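1. any chance you could fold what I've pasted below:
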Amino acid sequence: MEPIAKNLLTSLMKFRRINYQENAINKLNLSQMAVLVKLVESLKYEKHIIMSKLSTMCGLTRPALTQIINRLEEKGYVKREVSNDSRREVLVSITPEGMVVAEKEREKMIHFFERVVERLGVEDTQTFIYLLDKLYDVIRNLEKENV
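-> Numbers count the residues shown, from 1 in each chain. Predicted structure coming up:
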């Protein structure tokens, strides 16, 4: 492996060592938090969302989303029900407790990343965002080429 490719892999793998859950108020992992926040955003104008649509919005496979929703439901943050229109559709809604948790976690995440921007600087942060987006696009294109 080329040294630069190895260094890139090593740098990216460091992020796996960050334990978001240690700092979480309600012991949600990052995936659970991301789904909960996306659910809050999508339910601003509706009272529930179809699991398949949420799966697409979150960029998760249906089985992965099902596991996350199972955990959130166990904690009492979301509720699932079968659609009256189609027995094959599962609807997800957020509970009042889930709404409170999502808002607290969202505020905590925003505050954390505001501190990151303070230390990194606005210009470097913008450059980093640009490069992350570019890296994402490159990886997605490579994935498509391998199909």
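2. so the residue nearest the centre of the chain is in which element?
-> Nearest to the mean C-alpha position of the chain, by Cα atoms, centre = their mean, lies Ala34 at 2.8 Å. Per DSSP states H and E, Ala34 falls inside helix 30-42.
3. and for that helix, what's in contact with it?
-> 20-21, 24, 28, 49, 53-54, 57-58, 60, 64-65, 68-69, 71-72, 77-78, 92, 94, 98-99, 101-103, 105-106, 109 (Cβ atoms under 8 Å, 6 or more residues apart in numbering). In short, each C-beta sits where N, CA and C put it, glycine included.
4. check those for burial and list the buried ones.
-> Restricting the contacts of helix 30-42 to buried positions leaves 24, 28, 49, 54, 58, 60, 65, 68-69, 72, 77-78, 92, 94, 98, 101-102, 105, 109, with burial counted as 16 or more other Cβ atoms under 10 Å.
5. out of those residues, name the ones that lie in helices.
-> Mapping the buried ones among the contacts of helix 30-42 onto helices (DSSP state H) picks out 54, 58, 65, 68-69, 72, 98, 101-102, 105, 109.
6. having no further points to raise, I will conclude here.
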